[in-house]
Every structure is written in structure tokens, then in C-alpha cells.
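> whatever this is, show me its structure:
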Amino acid sequence: MGSSGVIVGDEPCPGCRAQGRDKTGNHLIRFDDGNAYCNRCGYKEITKVVEMLDDKLDFEDVEKLPIFGIPHKGIKQETCEFYGVRTEFSDRGEPDRFWYPHTSKGDTDGYKAKSIRKEFTAVGSTKLGDLFGQSVVKPGGNFLVITEGEDDALAIWQVLHDSSEISGWVPPVVSIFHGSAGAAKDIAENIEYVNSFSKIILCFDEDEAGRKAVLDVAPMFAGKVFVTHLAKKDANEMLLAGLGAELKWDILKHARKYQPDGIVNGSDTWDRYKHASNQECFRYPEEWVELNSKTYGFRLGSIVTVTSGTGIGKTQFLRELKHHMWKSTDWNIADISLEEDVGESVSGIMSVHMGQRLHLPDVAVAEDYEKRVHAELFGTGRFSFYDHFGGMDDSNLFNKIRYFGATGHKAIFLDHLSIIVSEYAADGGERERIDTVMTKLAKLAKELEVVIFIVVHLRKDGGGRSFEQGTTPSLDDLRGSGSLKQLSWDVIALSRNQQHPDPYCRNISKVTVLKCRFSGRTGEADYLLFDTASGRMIKVEPPSNYEFMT
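Numbering: from 1, shown residues only. All right, here's what the predicted structure looks like:
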């Protein structure tokens, strides 16, 4: 409930004048209902009892509320005007509840409210969207301050703005919208915006929850994060305690660069040893016996490279793995397929699940059945796809992988690495580009504790049989750079003779382990038949005439 009165002007405040203040004669705010209130000393004039609004305001009601200030938090009207924070007044004409805007892609689509009595409510959308203040703070500046709460963002903006000698300067201050527990998700949702700033200053609460939020967020922006250490619990308490000048320098000068502990004494390594010794292995499909025997499966924190000649079956091999992970784990799975659109990726996984090649015109399936399968596979939101056909630049790739890691995706499929390098080869030689990308991917896999499956191409065979005629690749055949074999934990190659006179052999791919850092085992593994009816890769015994020489 409260007043929906509109501010019509300001005038001298008798309360402030009695204390020798308000020399400018504008402290008392007058509303169109005749009531007046001073947010400096609390003086008020009630000339008319305002009409009571319904407790359940809707979005339109909130949009009509005036912008005033937050007296009990020391926040001025000018600050609230910048961020669009609105004030609801009680029937006594006093500020009672404060509405903080929620924006998505710059547009206000909701508000959340906090009353003086610390009661909370909301209207419209308050789901994942922009950071608080993101719609009015442009990206790409020298630094960005991120706070844990809206009142802290208002306090810092006010301190920096009021102390600045630069005319028109807008302090770049935003806040997470869902508290410390939601800090990583809020920032991951806006990772490209945050990462556009050269320096990121985290000013979270000085409590256990705030410190944990710093640890959740800081690794997302390695080398760019600075962390404040305040004398009070948060920035707004600093303002209320009259420590605005100290708060300013805590932000601009004394914030320390985030640096995780990197030196470990040998006497403290027992737990690390046990963790490494007990590293969990996640097996490939059980019927792929030899591949599991040689590799023990795959592990989080690693890169698995898959390679073959053109048209041998890399994409189908990965579809089998994605479906297998969906069945055998509770992980979220991210699919960055740059040579097919999202619809093709979805169709491929559904085809594996249904055992039918859905994209073929002579395969008829009832739409109700398709919908049920689609809901079963994708309705829970465990799959995420990158909607982009063709190349993408390195920074965009890393931002997407960081986003996926921050939102619980444990397996990330990148098909394929070569297209990223080739499209942007003008920025540097192919070898150097691959070195850079692979080094960063290896770091991200460890940092985010994810497994990244990447597809890479092979060099053109210089003589003899081609890879499309059944030649088994070696590590040196990986196209582009030695870092591909050096930084991959595992390298798996597929080979088959597309020109084999026997149609059965023509559709069998030999799986070879070229590298396994975990076990050291390499060599020929399983033989997988692409069944042209079901579209599945089925484990078979190698036919006696499989090694036919063309």
C-alpha cells in the first residue's frame, strides 16, 4: 500500500531550516496530493490522507510510482533516478517500499521490492536477465564494479559520482540480482558484457556467503578480477557509517588482484594425491569393450580429440557419445556444432534414440511419437546448443565454454576446431592459432572441471592410400600443430575404406586409440558398423576381408 503521488516540486524544509541547514531551499519534496516529505531530516506535512493502493501492485502500478530516494539507506533521489528505483509511500506519506527494476536485454520487464521492514515482493519477471544497472552502464570501459546487492551498487555509484571532478562521468557500477547464491549464474548469463571491461572489481559482502561468491565468480575472468576488503559488512553500511571517502579508495585504489593460491608444500599434498589416485572414469558405451579397456573411459578436466578422414563418421560417433551420456549420467551437455544447425543436431540425437534415420524422406514417424521423444530427450533442459553456423572467433568460443561450465554443463562437444582456425586464419598462422586455442581449452577443461570433445581434421595424405581408403591415421597426421597431440589427454581415430568392394566392410569404421595419457595404452580398439537402417554404430567383429587393399 502507499501513495502514487507524483512529485510536483521542492521547497524549503522547516525541519532542516530549524537546524541551520537547507540553505538552497529545496529539501522538502512536494507531491501532487498536497503531502510533503524531507528525505534529509524526516520532516513531513500531511495535508491529505492519500488513497491506499492495493497490496498487490501490478507492473503498471509500479511504473507510475515516483522516484524519490531511500532515506534509511542514505541514498539520494539523483542516484535512484539514474537506476530507476521507485518509491512507494505509506498512508502517512512516508517512504515505505522501494522497487528495483529488473531488465532483460536493456528493457525493464519486472521489479523486486524491499520495504523498510525488510519485507520482499516482486512484479513481472525476476528470472535470469541483465545485472542490476546493466541497462544504464555501457559495456567496454576501463573497469566495472559488481556488488552483491542493489543498495550497495547505489551507495558506490553515489560516492564515486559525488566525489568525481569529471563532468558527466557515469560510475560503472552494477549488482547481481539474485544474491550471493546466484552470483555465478547471474554473471554467467551476462559474461560477454562483464568480460568487455578491462578490470572487474568485486565488492561482495564481508561474510562467508560473500567470500564464497567471490570464489565462484573470480575464476570466470582469470587475470582481470580485483576484490575489495571493507571495514564494514557491505558498501551501504560504509556509506551509512560516514566512510564514503574510505569506500571510494577501497574501490579505486585498494582492491587486490584476485590470485588463487598456487604454491603447495609437499607435506600438504596427501589429499591431492588421493584425489588424483581416485580420479573418476566415465566409461564409453559398454559394448565398446576394447576402447574402454584401453582408456578406462574419459575423465573430467580433460580434452578428448576425435579425428578421421572426410565422411568417415566423426559426427555420428559423437552423437552416440552424447546419447550415451544422456542415458548414463545426470550431466548437462553442451553441443557446439559449427557445420550443422541446431535442428540437424537435435534430429541426429533423436535418430540415435529412436533407431531411425529421421532426416531421410522415406522414413515416416508419427508426429506424436516424435514429440514424446523430443520431450524425453530435451524437455528437462539438459542439452544446450550453440545456434551458429560456420566459424566463430576465439574470444566468443571461450566465453561460450565459460558460460556452459558455469551453468553445470560437464560435457562440451566442439565440432570442429579446424573451422574456427580456418575462418580467422588472417589473424595469424594456422599453427599459432591452434596452439593458442588448444592451450586455452586445456586450461578451461581443468578450471571448469569439464570434459571437452573436439573434432579435428587430418593433413592430406602425401602418398599411397588416403584416409578415406582405410589408412589408419597417426598423431603426426593431425592437421595444424603439434599442440593437438601434446595437449589432448586422449586421441581417438576412426578409419574405414569407403571404396571397399564389400558393402558390409564399406560401412565398418575401425576405432584406434592414438594416445591415452591416463593409461598409456594405444592401438586398435573396436570395429563399429554403421547400420544403414537404424543409423546406429554397432559393435561387430572385423570381417576376414576387412583389410582389402584398393
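> tell me how far the most centrally placed residue in the chain lies from Ala184.
Note on the chain: the residue nearest the mean C-alpha position is Tyr403, at 2.3 Å, using CA atoms, centre = their mean. According to CB to CB, to the nearest Å, Tyr403 and Ala184 sit 11 Å apart. Just so you know, the C-beta spots here come from the backbone N, C-alpha and C atoms, and that holds for glycine as well.
> same check, this time on Phe204
Phe204 sits 12 Å away from Ala184, going by CB to CB.
> what is the end-to-end distance of stretch 74-93?
End-to-end distance of stretch 74-93: 18 Å, with CA to CA, to the nearest Å as the criterion.
> that older thread, now the residue nearest to the centre of the chain: which helix or strand?
helix 394-406 (DSSP states H and E).
> buried residues, that helix. List them.
394, 397-406 (16 or more other CB atoms under 10 Å).
> let me have those residues in CSV, adding pLDDT and distance to Ala122 as columns.
Listed next are those as CSV, based on pLDDT from 0 to 100; distance: CB to CB, whole Å:
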residue, pLDDT, distance to Ala122
Asp394, 68, 39
Leu397, 80, 36
Phe398, 86, 34
Asn399, 88, 29
Lys400, 89, 30
Ile401, 90, 32
Arg402, 91, 29
Tyr403, 92, 25
Phe404, 94, 28
Gly405, 92, 29
Ala406, 90, 24
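> out of the residues you listed, who's nearest Lys314?
Leu397 (18.8 Å; CB to CB).
> residue contacts, the closest one?
336, 414, 420, 437 (CB atoms under 8 Å, 6 or more residues apart in numbering).
> what's the answer for Leu377, then?
326, 349-350, 353, 383.
> quick revisit: neighbour count: Phe204 and Ala184, which is higher?
Phe204 (27 against 21; other CB atoms under 10 Å).
> the more buried one touches Gly210, doesn't it?
Yes - under the criterion of CB atoms under 8 Å, Phe204 makes contact with Gly210 at 3.8 Å.
> quick check: neighbours shared by those two?
Counting by CB under 8 Å, 6+ apart, the residues touching both Phe204 and Gly210 are 148, 180.
> what ranges do the strands span in the stretch 101-250 of the chain?
With strands called from DSSP state E, counting those that start in this stretch, the stretch 101-250 of the chain shows them at 107-115, 120-124, 143-147, 173-175, 199-203, 225-227.
> how about those strands in a markdown table, adding distance to Lys314 and mean pLDDT?
Putting those into a markdown table (distance: least, CB to CB, whole Å; pLDDT from 0 to 100) gives the following:
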| stretch | distance to Lys314 | mean pLDDT |
| --- | --- | --- |
| strand 107-115 | 42 | 94 |
| strand 120-124 | 46 | 90 |
| strand 143-147 | 41 | 98 |
| strand 173-175 | 42 | 98 |
| strand 199-203 | 38 | 97 |
| strand 225-227 | 37 | 95 |
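> nearest to Tyr37, of the ones you listed?
strand 107-115 (16.3 Å).
> which other residues reach stretch 215-226?
Taking CB under 8 Å, 6+ apart as the rule, stretch 215-226 contacts 146, 183-184, 187-188, 191, 194-195, 197-202, 227, 255-258, 260, 402, 406, 447.
> tell me the pLDDT of the closest residue to Ser163 other than its chain neighbours.
Closest residue to Ser163 apart from its sequence neighbours, by CB to CB, 6 or more residues apart in numbering: Lys248 at 5.6 Å. We note a pLDDT of 96 for Lys248 in this prediction.
> also Val49?
Confidence for Val49, expressed as pLDDT, is 39.
> same question for the one 10 residues further on.
The score at Phe59 is 93. That number is its pLDDT.
> sorry, back to before: please identify the most buried of the strands of the stretch 101-250 of the chain.
Compared across the strands of the stretch 101-250 of the chain, strand 173-175 shows the largest average neighbour count, a mean of 28 (mean count of other CB atoms under 10 Å).
> re earlier: how near is the residue nearest to the centre of the chain to Gly141?
Tyr403 is 21 Å from Gly141, by CB to CB.
> on that earlier part again, anything in contact with each of Phe204 and Ala184?
Common neighbours of Phe204 and Ala184, counting by CB under 8 Å, 6+ apart, are Ala213.
> burial count for Cys131?
Residue 131: Leu, not Cys. A count of neighbours around Leu131, defined by other CB under 10 Å, yields 22.
> for Val174, see how far away it is.
4 Å.
> over to Asp335?
31 Å.
> surely Met325 forms part of a helix?
Yes - assessed with DSSP: H, G, I helix; E, B strand; the rest coil, Met325 lies in a helix.
> residues touching it, list them.
282, 331, 333, 411.
> one more time with 6 Å, if that's ok
Counting by CB atoms under 6 Å, 6 or more residues apart in numbering, Met325 makes contact with 333, 411.
> re earlier: could the strands of the stretch 101-250 of the chain be laid out in JSON lines, adding distance to Thr315?
Formatted as JSON lines, the strands of the stretch 101-250 of the chain follow (distance: least, CB to CB, whole Å):
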{"stretch": "strand 107-115", "distance to Thr315": "39"}
{"stretch": "strand 120-124", "distance to Thr315": "42"}
{"stretch": "strand 143-147", "distance to Thr315": "40"}
{"stretch": "strand 173-175", "distance to Thr315": "41"}
{"stretch": "strand 199-203", "distance to Thr315": "38"}
{"stretch": "strand 225-227", "distance to Thr315": "38"}
